[in-house]
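Asker: I'd like to go over a predicted model; first the sequence, then the structure.
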Amino acid sequence: MKTTVSTKSKKKCEACGSNDIKTHMATFPVKLGPKQLNVGRVSVRECMDCHAMTPTKAGQEKIARCTMSFMMLLDR
Ligand SMILES: [Zn+2]
């Protein structure tokens with residue numbers, strides 16, 4: 001039986017496991033089928049080692065809102 005040590009929710013890079021993460025605003029590209037939507041000023045966590053970007057919760061919400069309105073523009 002394994003006892004899992006409850007680690008503090010430290011943010012780690014999902015790609016390389018680095019702890020060197022910085023949160024900042026960035027333009028985040030979202031793939032929508034053949035198109036790409038660049039959502040501006042999204043709150044992301046960026047790994048300083050491999051530069052992988054992961055949106056924060058607020059960032060994900062903004063991306064979801066922008067994606068929705070983009071889809072509505074396309075859907076006519
Ligand atoms: Zn990384």
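Answerer: Structure's in. What do you need?
Asker: Quick check, central residue of the protein?
Answerer: Centroid-nearest residue in the chain: Pro55, 2.0 Å away (criterion: CA atoms, centre = their mean).
Asker: Quick check, that residue in contact with Val30.
Answerer: No: the pair Pro55 and Val30 does not pass the contact test of CB atoms under 8 Å, sitting 9.6 Å apart. From N, CA and C alone the C-beta is placed, and that goes for glycine too.
Asker: what residues are shared contacts of the two?
Answerer: Ile63 (CB atoms under 8 Å, 6 or more residues apart in numbering).
Asker: where's the residue nearest to the residue nearest to the centre of the chain when sequence neighbours are not counted, which helix or strand?
Answerer: Sequence neighbours aside, Val44 is the residue nearest to Pro55 in space, at 5.1 Å (criterion: CB to CB, 6 or more residues apart in numbering). Using DSSP states H and E, Val44 sits within strand 35-47.
Asker: Does the ion have contacts with that strand?
Answerer: Yes: on the criterion CB under 5 Å from the ion, strand 35-47 is in touch with the ion at Cys47.
Asker: For that strand, buried residues please.
Answerer: 39, 42-47 (16 or more other CB atoms under 10 Å).
Asker: Could you point out which of those is nearest to Lys22?
Answerer: Within these, distances to Lys22 taken as CB to CB reach their minimum at Glu46, with 5.5 Å.
Asker: Surely Glu61 is within a strand?
Answerer: No: in this structure, Glu61 is helix, not part of a strand, as judged by DSSP: H, G, I helix; E, B strand; the rest coil.
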